[in-house]
Each structure stands twice: as structure tokens, then as C-alpha cells.
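1. okay, predicted coordinates and the sequence, questions at the end:
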Amino acid sequence: MELVGVRLINEWVRRGIEVDLVVTRFTGPLCDQIPKNVQIFEIGRQHAFLFPFGLWRYIKDRRPSHILSAANDVNALTLAITRWCGKGISTVVSVHSHLSSEIGLAKGSNRIKERLVVWLLRRTLRYSHGIVAVSRGVAEDWLKHFPSCANKLQVIYNPVITQEFLESSQLPLLDCPVPFKTPWILYVGRFVYAKGLDVLIDAFALLAGKSDAHLVLMGQGDCEEEIKRRIAYYELGDRIHLVGFKKNPAPWMREADVLVLPSRHEGLGNVLIEALACGTKVVATDCPSGPSEILDGGTFGQLVPVESPEALAAALLSSLEGRFHVSTEALKQRAMEFTAERAALLYEKVLTTPPTGG
């Protein structure tokens, strides 16, 4: 979601639009990708609980002409505050996740928070100028919870492919732990339960006896220690490599034999698009939602059931052995349907078009 925002900002700045970036704290590996002429407002630097007060003050003092918010809790909060002190400001909310899946997987206090956010959204969405979902699956699920929003809701795919990404994909791959000329599978993403890395490692354990392939896991997250324990259980430490976060994963995608996305749910699945742009074969779960839309129901990559190590292992082996094949050129052409330029223009249209009501 953060990367989507960064790419939209860069595209708008190229088009001469003045942009502010409002965040809790301005930290993380993407900070250096924000253009220098973008004003940064850190409104919860001391504590995240100060975010609502900082947002109220920002809107009251700065009076932006348009606001695009992301994340459901921030969306509800932004709509409430603009209703209170920002009347006349065009406020569009973006929906990046499959809400039913998030609620279903949430536990304890997180489940309470999810339900509270839904309650708040039901009372604030009427004040939005527009609502953008990142995939048709996300949009369809959203309407199950908020059916009155149908006339405001539209789908805009994420701004994934940029000229910078295409150029970065041509850089050399350094420090790859996989032995030379050995086939390998790549995962890129967060190490969290929703991404299904436990299923991926179970699948690789089934695959390991049938192929000499290696598995590279790129990313960070709360499940990292559990992942390491699972790798140790299968005694696959010499064939599964954790390489941490990489600022530029594109060369890894280009050189991998297959990119895998074993998620339990997705909003869209940006890494699939990036892998296609590199001409790399992909295997993904047919989860709600996104992968099936990106891969056109399996035309551009294999789709397997969620929570099935056996099906995932079989699909990965099929791609490694060349039994499932799509031309590199066809994969790259498919990826070009998800450009940042196209997404930025569509978002700009939503922000500036008068609402139809509701």
C-alpha cells in the first residue's frame, strides 16, 4: 500500500500537481523515493494515538483541495474529520484489502478493531467523494458490507509498472545465495500469516525430493521465527534462503525461474505484476482477491487452491519443468496493463469529477 502511494505521488509530481504526504511517522525504506518538492507532514511522530489530532489540525490549517486516503481505519477517520472541519474538500478513499478475509483472520483485539472500523465506515462513507477498490474482487466484497456505496465505487488497478521499475529490472543481481545454474523459486512480500508462507514451506518440502530447486524468501515480518522453525523441522536450511528486505527486488524476479505467491487473501498482488514485467513465470493461490484477475483466470500463470501444499508443489514443479509455459513477451505485455501513468490519471479523474451522490 505504501509503494502504491509512492508511485502515485511521483506520477502526479511529474504532471505538475502539488502534493502533500501526511503520515504518522516518516520512516522506512521508501522515504528516499519521495520527490524533494513534496511536503511531508508527520502528524503522529510522538505517538500513533496523536494521529487523529494531527490530521484534524492538518486539514483545518492546510485546507487541501483534494484528499486521497488509504487503510480502512484511516479512511473512516479522514471522512469523519473532513465532515467536521473540511467541508468542500474532495475526499476519496482507497480500499486495498479483502475486508471479509481480514475480519475472518483477525483474532482478539484485532478482530474487535476490524469490526469497529466497519461500524465507523458505515457512518462515514456517505461523506466520501469517491471510493476506489484495487481489484474487482475487493470491490465485490466491499459491496457486501456497504451496499449503499455502489454508485461511488470503482476499480482502479494499482500503479505497479513504472519506467524506473523497468530500468531497475535490468540491473545485475548481486549476492544471490543459490548455486550457479541451479533452478530457484522466489517469494517476495511480508512474513505474515495471511501470506501463507507456512503452506509454501510445506509445499517445498514435498517438492524437494523431486527437484534440486532452491527457495528464496525475501521480506520481513512477524512470522520470521516461525518460518525458521519450519525450515529447521524439514531440515531444508541448505535449500531455503532468507535474504531479508531488498530495496530493489526486480533483478531477483528477473533471474528466478518462478515467482510464487501463496497468500490466503490479497488486495491485488503487486508482486505478480512485477514478475510478469520481468518475463518470469508465476504460481499463485486463487485467493480472494486479485491473482485471478491479474493472471486472467490462469492464462498468464498457474492458480492453485488456498491451503493446499500438494497443489502448490505440483504447480511449482510444472513451471520448473516447463510443462506450463507462457512466452516471455506475452507476460511482459500483460504487465503493461498495470502502469503507474494509467492509474494516476484514473485516480485524478475520480478526485476531480463531481460525485453522483449517495
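-> In hand now; what should we look at?
2. for Leu77, which non-adjacent residue is spatially closest?
-> In space, and not counting its chain neighbours, Leu77 is closest to Pro52: 5.7 Å by Cβ to Cβ, 6 or more residues apart in numbering. All C-beta atoms are positioned from the backbone trio N, CA, C, and that covers glycine.
3. neighbours of the one you found, how many?
-> Look at Pro52: counted by other Cβ atoms under 10 Å, it has 16 neighbours.
4. correct me, but it touches Thr78?
-> No. With contact defined as Cβ atoms under 8 Å, Pro52 and Thr78 do not form a contacting pair (9.6 Å).
5. you'd agree the residue nearest to Leu77 is in a strand?
-> No. In this structure, Pro52 is helix, not part of a strand, as judged by DSSP: H, G, I helix; E, B strand; the rest coil.
6. that one and Arg62: what is the separation?
-> Computed with Cβ to Cβ, to the nearest Å, the distance linking Pro52 and Arg62 is 16 Å.
7. just how off-centre is stretch 207-223 within its chain?
-> Relative to its parent chain, stretch 207-223 has a centroid offset of 21 Å by Cα atoms, centre = their mean, to the nearest Å.
8. buried set for it?
-> By neighbour count on 16 or more other Cβ atoms under 10 Å, the buried set for stretch 207-223 is 207-208, 211, 213-219, 221, 223.
9. where does this protein dip in pLDDT?
-> Within the chain, the segments meeting pLDDT under 70 span 355-358.
10. contacts for the top helix by length along the chain next, please.
-> If you go by DSSP state H, the chain has its longest helix at helix 109-124. With Cβ atoms under 8 Å, 6 or more residues apart in numbering as the test, helix 109-124 has contacts from 72-73, 75-77, 79-80, 83, 99, 102-103, 106, 145-146.
11. which helix or strand contains Ile67?
-> Per DSSP states H and E, Ile67 falls inside strand 66-70.
12. give me the sheet partners of that strand and which way each runs.
-> Paired strands of strand 66-70, with direction, are strand 90-95 (parallel) (DSSP bridges).
13. could you list the buried residues of the partner strand?
-> In terms of neighbour count (16+ other Cβ under 10 Å), strand 90-95 has its buried residues at 90-95.
14. next up, the contacts around Val243.
-> Residues near Val243 by Cβ under 8 Å, 6+ apart: 175, 177, 216-218.
15. I'd like those residues as TSV, with distance to Lys246 appended.
-> Converted to TSV, the contacts of Val243 look like this (distance: Cβ to Cβ, whole Å):
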residue	distance to Lys246
Asp175	9
Pro177	12
Val216	10
Leu217	11
Met218	6
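16. ok, those vs Glu42, which is closest?
-> Relative to Glu42, the closest of those is Met218; by Cβ to Cβ it sits at 28.5 Å.
17. grab the nearest non-local neighbour of that closest one.
-> Closest residue to Met218 apart from its sequence neighbours, by Cβ to Cβ, 6+ apart: Val188 at 4.7 Å.
18. gap between the two ends of stretch 265-274?
-> End-to-end distance for stretch 265-274: 18 Å, by Cα to Cα, to the nearest Å.
19. if we can go back for a sec, list the buried residues of the longest helix of the chain.
-> Neighbour-count burial for helix 109-124 [16+ other Cβ under 10 Å]: 114, 117-118, 120-121, 124.
20. just the angle between that helix and strand 90-95, please?
-> 150 degrees (axes from the mean of the first three to the mean of the last three Cα atoms, to 10 degrees).
21. list the strands paired with the following helix or strand past helix 109-124, with their directions.
-> For helix 109-124, the succeeding helix or strand toward the C-terminus, using DSSP H and E, is strand 130-133. Using DSSP bridges, the strands paired with strand 130-133 are strand 90-95 (parallel), strand 153-155 (parallel).
22. mind listing residues that contact strand 130-133?
-> With contacts defined as Cβ under 8 Å, 6+ apart, strand 130-133 is touched by 92-95, 125, 139, 142, 149, 152-156, 347, 350-351, 353, 355.
23. again, 6 Å this time
-> The contact list for strand 130-133 (Cβ atoms under 6 Å, 6 or more residues apart in numbering) reads 92-95, 139, 142, 149, 152-153, 155-156, 350.
24. list the buried residues in the helix or strand following it.
-> Once the chain leaves strand 130-133, the next helix or strand it forms, by DSSP H and E, is helix 136-145. If you call a residue buried by 16+ other Cβ under 10 Å, then helix 136-145 has these buried ones: 137-139, 141-142.
25. got the angle between helix 136-145 and helix 109-124?
-> Here the directions of helix 136-145 and helix 109-124 differ by 70 degrees (the same axes, to 10 degrees).
26. please enumerate the strands of this protein.
-> 20-23, 39-42, 66-70, 90-95, 130-133, 153-155, 184-188, 214-218, 240-244, 258-261, 281-285, 302-304 (DSSP state E).
27. let's have those in JSON lines, adding distance to Val199.
-> Compiled in JSON lines, the strands of the chain are given as follows (distance: least, Cβ to Cβ, whole Å):
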{"stretch": "strand 20-23", "distance to Val199": "33"}
{"stretch": "strand 39-42", "distance to Val199": "38"}
{"stretch": "strand 66-70", "distance to Val199": "28"}
{"stretch": "strand 90-95", "distance to Val199": "26"}
{"stretch": "strand 130-133", "distance to Val199": "26"}
{"stretch": "strand 153-155", "distance to Val199": "28"}
{"stretch": "strand 184-188", "distance to Val199": "11"}
{"stretch": "strand 214-218", "distance to Val199": "13"}
{"stretch": "strand 240-244", "distance to Val199": "14"}
{"stretch": "strand 258-261", "distance to Val199": "10"}
{"stretch": "strand 281-285", "distance to Val199": "8"}
{"stretch": "strand 302-304", "distance to Val199": "10"}
